[in-house]
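> Got a predicted structure plus its sequence, pasted below:
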Amino acid sequence: MTALVETRALTRHFGGLKAVESVDFRLDKGEIRAIIGPNGAGKTTFVSLICGRIAPSSGAIVFEGRDITALPAHRRVRAGIAYTFQITSIFPRLTVFDNVALSVQRRLLSAGRPKPSALKAGVGEALERVGLIDRAGTLAGNLAYGHQRLVEIAMGLALEPKLLILDEPTQGLSDGEVEGFIALVREIASDATVLLIEHNMQVVMDLARRITVMNFGRVLAEGSPEEIRANKAVQDAYLGTGSDG
Amino acid sequence: MTITTRDWALHLGVIAILLAANFLLPEYHRGVFSRVLVLAVFAMGYNLLFGYTGLLSLGHAMFFAAGLYGAGLPLYHLGWSVPVSFGTGLMAGIAVAAVVGVLALRTTGVAFMIVTMMFAQVFYLGTLYFTTWTRGEEGLVLSQAMRSVEFGGWSLNLSDPSTRYMLALALFAVVLLAMLWLVRSPFGRTLVAIRENEERMRMLGYDVFRAKLTAVVVSGVFCAAAGAAYGLLFGYVGSGFASIQYSILPLLWVLLGGAATTLGPLLGTLFMFYIIDYSSGVTSAYLLVVGVTLILLVLFFPKGLLGSVRERWLGWLP
C-alpha cells in the first residue's frame, strides 16, 4: 500500500491552546478512515491542516509523495483533496444544479474552457450518485437539511477527488438518511480515499477499516474497529462515556 | 448557461431603442441621454464589483478620475490625439485598479470600504496638490480644437450633439454587451459564487484572490473608460469628479436600478438624473425629493427596479 497522505510532527497552536500537537499520521490509498475523539480533541483542526484551510505552526504534510505544506488551499483542492464542511456550506441562493456545476466547472477549467454539454453531464453524474437528480432545479437553500448535506457531498464528488474529507457528515441526519449515507460512502470509496470525522459510532464501525482516535490534539490510538473497541485508553477517554461500544 | 436568444433580443433591443432616440429625442434630452449613457458605463463598472462580486467599494471615483485625467492631461498638455488619449485613460485605469486591488483586497467587508475610500481620497487630494497640471477644482477645459479627430481628411467634431450621442452610445453598447458576456461566462458565475460563499469557493479549488483582483481591474477599466469618454466628449476635466460624491453616486445608481442586473445601472442612472432634473426645476430642496424617492424605493423595491422585476416576474434576467 502506498501512502496518499502523510503528516510529520504536524502542529497547530492557537495562542496557548495546542489544538494539534505533533501528529504523525498516514493514510493509504483506497482506505476509509474515521477520526474520532471527544469534542475539542482537534479533529477538525487536523483535517483543516490537511486541506489547507488552516496553516500549520510547524510540521509537514505530504500528499502523493509531494510536500504540500506551503501550498494554498485552492491548489490542494486541484491536486485532489476535497473537503465538506462541518457546518453545511453550500450556495443557498443558487439552484442545486448550479451548486454542483461550480465544482464541475472548476475541474473542467483545468483542461480548458468548459463546454456546456460536459458541464451538464458532470453535474448529472454527481447528482445521480447522491440521488438528487430530480431536485436539480430547486434552490439549494430550500432543500431539507439532509439533502443540503448531500448537495455538498455531490460538490465534493464532482471534483473527482483522490481524497474526500467529510467533517461530521451524518450530523443532523435521520436514521434512514444515515443508512443511505453509509451506502453512498462505500460506493465513493471504490474510487477515492475517504477520511471522515464522525461521532455516530454505528457509522464509524460500519464504514471504517481503520480508526484514529484523537484527544487533546494528539493521536491517542489507531487501529481496526476491534482494536479500538478493546483499547483501554480509548474507553477511558471516549467510548466509556457513550452508550455504544 | 450561455447567452440565449432572449438575452440577445433584450440587450440589442435596448441598444436599438437608444439608437433611435438619437433621432427622436428633443435636443435637450438628447444631451441628457449622452451624459447618462457615459455615466451608466461608470455604473456598470461599479456593478460588476458591487453587484456581481459582492465587494462594496467607496472609492470608485478614483477609477473614473483615473480615466478622466489619464485622457485629459496628455491631451491638454502634450497635445496627444483623442484616440491615443482615450487609450492612456484606459491604461491609467488598469494601473490604478491593479495597485489598489492588490492592496485593498487584503481586506473584506467594512475594511474594504474604508480602504478603497482612503485610496480615493489620496487620489482626490493628489489632483488638488498637483494644481500646476490639473488646475484643481477649477479644472481644465479641453477646447473644441483639441478634441477634433482627423482620419485622413475626414474629421469628427466631438462637440456636435449627434456625434457625441453616437460615441456615448457606442461605448455604452460595447460595455453592456461585455457585461452580458461576462455574466453568462464561467468567470461571471465564479464571481457570483464568491459573493454567495467565498470560503466554499476556495475549497472548490478556485483562486478567490485572483478572481476578485480580475474583477477589480475589469471594473476599474470600465469606470476609467467612462471617465475618459466623459472628459473627451464634454470637454472638462476637474477634481470634482474625483471627490467622494462620485464614489457614492454609482452605488446609488446601481442600487436604484438593481444590483447584479445588466440593465439596472442604465435605468438607475437615467432615473436619478431625471429626478434631480425635474425636482430642481420645482424646488431648491431637490435633494429632499431625491432622499424621499430613495427611501420609497428601498421600502417597495429593496432590490432596485430591475432586481425587483427579476425577483417577481422575470427570473431569467441577466
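Nice, I can see it. Predicted model only: the values in this text are computed from it and were never measured.
> Could you verify my assumption that residue B:82 touches residue B:157?
No: checked against CB atoms under 8 Å, the pair residue B:82 and residue B:157 is beyond contact range at 10.9 Å. Where C-beta positions appear, they are placed from N, C-alpha and C, glycine not excepted.
> between these two, what contacts are shared?
Residues touching both residue B:82 and residue B:157 (CB atoms under 8 Å, 6 or more residues apart in numbering or on different chains) are residue B:148.
> center of chain B - which residue?
With distances taken as CA atoms, centre = their mean, the residue of chain B nearest its centroid is residue B:42 (0.6 Å).
> So which of residue B:82 and residue B:157 has more stuff around it?
residue B:82 (21 against 12; other CB atoms under 10 Å in any protein chain shown).
> just checking, what packs against the host helix or strand of residue B:227?
When elements are assigned from DSSP states H and E, residue B:227 belongs to helix B:208-234. The helices and strands touching helix B:208-234, judged by 3 or more CB pairs under 8 Å, 6 or more residues apart in numbering or on different chains; DSSP states H and E, are helix B:27-47, helix B:61-73, helix B:82-104, helix B:161-183, helix B:186-196, helix B:198-202.
> what lines up beside the next helix or strand after that helix in the sheet?
Downstream of helix B:208-234, the next assigned helix or strand under DSSP H and E is strand B:236-237. Partners of strand B:236-237 in the sheet, by DSSP bridges, are strand B:140-141 (antiparallel).
> Report the rounded mean pLDDT for the partner strand.
Average pLDDT, strand B:140-141: 92.
> got the contact list for that strand?
If you take CB under 8 Å, 6+ apart as the criterion, strand B:140-141 is touched by B:72-73, B:76, B:134, B:235-238.
> PyMOL command for the buried members of these?
Applying 16 or more other CB atoms under 10 Å in any protein chain shown to the contacts of strand B:140-141, the buried members can be selected in PyMOL as follows:
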select buried, chain B and resi 72+73+76+134+235+237+238
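> Format the contacts of strand B:140-141 as a markdown table; extra columns: pLDDT and distance to residue A:149.
A markdown table is the format used below for the contacts of strand B:140-141 (pLDDT from 0 to 100; distance: CB to CB, whole Å):
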| residue | pLDDT | distance to residue A:149 |
| --- | --- | --- |
| B:72 | 95 | 57 |
| B:73 | 95 | 58 |
| B:76 | 94 | 62 |
| B:134 | 91 | 58 |
| B:235 | 93 | 61 |
| B:236 | 95 | 59 |
| B:237 | 96 | 57 |
| B:238 | 95 | 57 |
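> which of the contacts of strand B:140-141 are the two that sit furthest away from each other?
Between any two of the contacts of strand B:140-141, the greatest separation by CB to CB is 15.3 Å, found for B:134 and B:235.
> The residue nearest the centre of chain A sits in which helix or strand?
Residue closest to the average C-alpha location in chain A (CA atoms, centre = their mean): residue A:165, at 1.6 Å. Using DSSP H and E, residue A:165 sits within strand A:163-167.
> partners of that strand in the sheet?
Applying DSSP bridges, strand A:163-167 is found paired with strand A:81-84 (parallel), strand A:193-197 (parallel).
> quick one: which of those strands is nearest residue B:66?
strand A:81-84 (40.0 Å).
> Please list the outside residues in contact with that closest one.
Strand A:81-84 is contacted from outside by A:47-48, A:50-53, A:63, A:77, A:149, A:152-153, A:155-157, A:159, A:161-167, A:169, B:203, using CB under 8 Å, 6+ apart.
> Break chain A into its domains for me.
Domain ranges of chain A: A:1-80+A:164-174+A:194-245, A:86-160, per automatic domain parsing.
> Can you tell me which of the ones you listed is nearest to residue B:251?
For residue B:251, the closest of the domains of chain A is domain A:86-160, at 21.5 Å, according to CB to CB.
> Show me how far the closest one is from its chain's centre.
17 Å (CA atoms, centre = their mean, to the nearest Å).
> and the end-to-end length of that domain?
End-to-end distance for domain A:86-160, by CA to CA, to the nearest Å: 20 Å.
> what mean pLDDT would you report for that domain?
93.
> List the contacts of the residue of chain A found nearest chain B.
Nearest residue of chain A to chain B, counting by CB to the nearest CB: residue A:77, 3.4 Å away. In this structure, residue A:77 makes contact with A:51-52, A:83, A:106, A:159, A:161, B:202-205, judged by CB under 8 Å, 6+ apart.
> Which of these fall within strands?
residue A:83 (DSSP state E).
> Next, format the contacts of residue A:77 as CSV and append neighbour count.
Shown next, in CSV, are the contacts of residue A:77 (neighbours: other CB atoms under 10 Å in any protein chain shown):
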residue, neighbour count
A:51, 21
A:52, 24
A:83, 29
A:106, 22
A:159, 25
A:161, 23
B:202, 20
B:203, 28
B:204, 27
B:205, 24
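> Turn the contacts of residue A:77 into TSV, columns for distance to residue B:92.
Formatted as TSV, these follow (distance: CB to CB, whole Å):
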residue	distance to residue B:92
A:51	41
A:52	37
A:83	42
A:106	34
A:159	40
A:161	44
B:202	32
B:203	37
B:204	35
B:205	34
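> Could you identify which of the strands paired with strand A:163-167 is most buried?
Of all the strands paired with strand A:163-167, strand A:81-84 carries the top mean neighbour count, a mean of 27, counting by mean count of other CB atoms under 10 Å in any protein chain shown.
> With only the CA atoms kept, save that strand in CSV.
Output in CSV follows, covering the C-alpha atoms of strand A:81-84 (Å, rounded to 0.1, in the frame of the first residue of the first chain):
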residue,chain,number,x,y,z
ILE,A,81,-8.2,17.0,-1.8
ALA,A,82,-11.9,17.8,-1.4
TYR,A,83,-13.4,18.9,1.9
THR,A,84,-17.0,19.1,3.1
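> what residues are up against residue A:31?
Applying CB under 8 Å, 6+ apart, the residues near residue A:31 are A:4, A:189, A:193-194, A:209-210.
> and if you look at residue B:107?
Residue B:107 sits in contact with B:114-115, where contact means CB under 8 Å, 6+ apart.
> Next, it: secondary structure please.
Following DSSP: H, G, I helix; E, B strand; the rest coil, we place residue B:107 in the coil state.
> so where is the stretch 1-150 of chain B shaky, pLDDT-wise?
B:1 (pLDDT under 70).
> In three-state terms, label the residue in it that chain A sits nearest to for me.
Minimum separation of the stretch 1-150 of chain B from chain A (CB to the nearest CB) falls at residue B:2, amounting to 6.0 Å. Three-state call for residue B:2 (three-state DSSP): coil.
> Excluding chain neighbours, what is closest to the residue of chain B found nearest chain A?
Here chain B gets closest to chain A at one residue, residue B:205, 3.4 Å apart by CB to the nearest CB. Sequence neighbours aside, residue A:77 is the residue nearest to residue B:205 in space, at 3.4 Å (criterion: CB to CB, 6 or more residues apart in numbering or on different chains).
> Which element, helix or strand, includes the one you found?
With DSSP H and E as the criterion, residue A:77 is inside helix A:73-79.
> Restrict that helix to CA atoms and write it as PDB.
Output of helix A:73-79 as PDB, limited to C-alpha atoms (Å, rounded to 0.1, in the frame of the first residue of the first chain):
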ATOM      1  CA  ALA A  73      -5.900  25.600  -0.100                       C
ATOM      2  CA  HIS A  74      -7.200  26.100  -3.700                       C
ATOM      3  CA  ARG A  75      -4.100  24.400  -5.100                       C
ATOM      4  CA  ARG A  76      -4.600  21.500  -2.800                       C
ATOM      5  CA  VAL A  77      -8.100  21.100  -4.000                       C
ATOM      6  CA  ARG A  78      -6.900  21.000  -7.600                       C
ATOM      7  CA  ALA A  79      -4.300  18.400  -6.500                       C
END
